[in-house]
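In: make a model of this:
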Amino acid sequence: MTHWLDLLVFKTWWRYDPRATPWVAVPYHAFNLFEGCAWVVFAGLVLYRRWRHQRSRLELWYSLAFFTFGLTDFREAYALSSWLIEVKLVNLLVLLKLRFEVIRRFYPTSKLY
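Out: Below is the predicted model:
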């Protein structure tokens, strides 16, 4: 049982160490930092859209989901653990559901899918 618990929750799959394999670790680290910044920018853009149109509080949740997804990428830049993968998966599912609902309800003519 403890083996499964370790595998599903506590196992660290990757840890940032630029000295070990710099040709792999440094680009992966930099990409995750860039990606985290991109998700935070998306969160800001959704908040800006919410501020301009005032259509729904659902967009506040949508923005929060983008922001938390960005935070998980900042964490992933330093270490990737089983629990983080699971949190990212749940966050991604929430993001997709919120995106579907926001576009369906408030922007039905939008061409961005």
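
In: output the below-cut-off pLDDT ranges for this protein.
Out: For the chain, the stretches with pLDDT under 70 are 1, 7-8, 111-113.

In: 80 - rerun?
Out: For the chain, the stretches with pLDDT under 80 are 1-10, 13, 16, 18-24, 55-56, 106-107, 110-113.

In: now do the strands in it.
Out: For the chain, the strands defined by DSSP state E occupy 12-15, 79-81.

In: contacts made by the shortest one with the rest, please.
Out: Yep, that's strand 79-81 we're talking about. Phe10, Lys11, Thr12, Trp13, Trp14, Arg15, Tyr16 (CB atoms under 8 Å, 6 or more residues apart in numbering). In this view, the C-beta of every residue, glycine as well, is placed from N, C-alpha and C.

In: buried ones in it, by neighbour count?
Out: Leu80, Ser81 (16 or more other CB atoms under 10 Å).

In: likewise the longest one?
Out: Taking 16+ other CB under 10 Å as the neighbour-count basis, strand 12-15 is seen to contain no buried residue.

In: kindly report the same for stretch 88-101.
Out: Using 16+ other CB under 10 Å as the test for burial, stretch 88-101 gives Lys88, Asn91, Val94, Leu95, Leu98, Arg99.

In: return the member of those residues nearest to Ala38.
Out: Lowest distance from Ala38 to those (CB to CB) belongs to Leu95, with 13.2 Å.

In: ok, the closest one touching Phe66?
Out: Yes - with contact defined as CB atoms under 8 Å, Leu95 counts as touching Phe66 (6.8 Å).

In: thinking again about what came up before, let me have the strands of the chain in TSV, adding distance to Val26 as columns.
Out: Shown next, in TSV, are the strands of the chain (distance: least, CB to CB, whole Å):
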stretch	distance to Val26
strand 12-15	13
strand 79-81	15
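
In: got phi/psi on the closest residue to Arg105 other than its chain neighbours?
Out: Using CB to CB, 6 or more residues apart in numbering and skipping the chain neighbours, the partner closest in space to Arg105 is Ser56 (6.8 Å). Dihedral pair for Ser56: phi -160, psi 150, per degrees, to the nearest 10.
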